[in-house]
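Colleague: below are the sequence and a predicted model; questions follow.
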Amino acid sequence: MESFVRNIMFDNYIMEEVLKPIIVSMAVTVAFIHIVSTYIKPNTGYKNTDNFLTYVVAQRGQFAHVALLVGLITLFSDYVLDMVSPE
């Protein structure tokens, strides 16, 4: 019974500390791509902004790939920060 409680506590830790930031970053990425590609048109008059908006619109068909990449980057950055931070 004690190991079962320990596993539940570990699972809650994994969900709170590791998975929640990854899920949030993936959701924000998908929402950003959808909003920008649907409502904002790349005709601002600023070349860099227009290039960025055109790039985001081109990524619309790649929601899953982009979200997965952002999730992996978030996981890796959390891992690096845990390794480097002094305890």
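Modeller: Yep, that arrived.
Colleague: CA atoms for contacts and neighbours, from now on please.
Modeller: OK.
Colleague: in the lengthiest helix in the chain, which residues are buried?
Modeller: The single longest helix within the chain, with elements called by DSSP state H, is helix 63-84. By neighbour count on 16 or more other CA atoms under 10 Å, the buried set for helix 63-84 is 66-68, 70-71, 74-75, 78.
Colleague: now those as CSV including pLDDT and distance to Arg60?
Modeller: Below are these laid out as CSV (pLDDT from 0 to 100; distance: CA to CA, whole Å):
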residue, pLDDT, distance to Arg60
Val66, 88, 9
Ala67, 88, 11
Leu68, 90, 14
Val70, 91, 15
Gly71, 90, 17
Thr74, 89, 20
Leu75, 85, 23
Asp78, 84, 27
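Colleague: which of those residues lies closest to Thr44?
Modeller: Val66 (24.5 Å; CA to CA).
Colleague: wait, what's in contact with that closest one?
Modeller: Applying CA atoms under 8 Å, 6 or more residues apart in numbering, we find Val66 in contact with 29, 59.
Colleague: point out where this protein drops to low pLDDT.
Modeller: Along the chain, segments meeting pLDDT under 70 span 1-15, 87.
Colleague: which stretches of it form helices?
Modeller: Counting by DSSP H, the helices of the chain are 2-13, 20-39, 47-58, 63-84.
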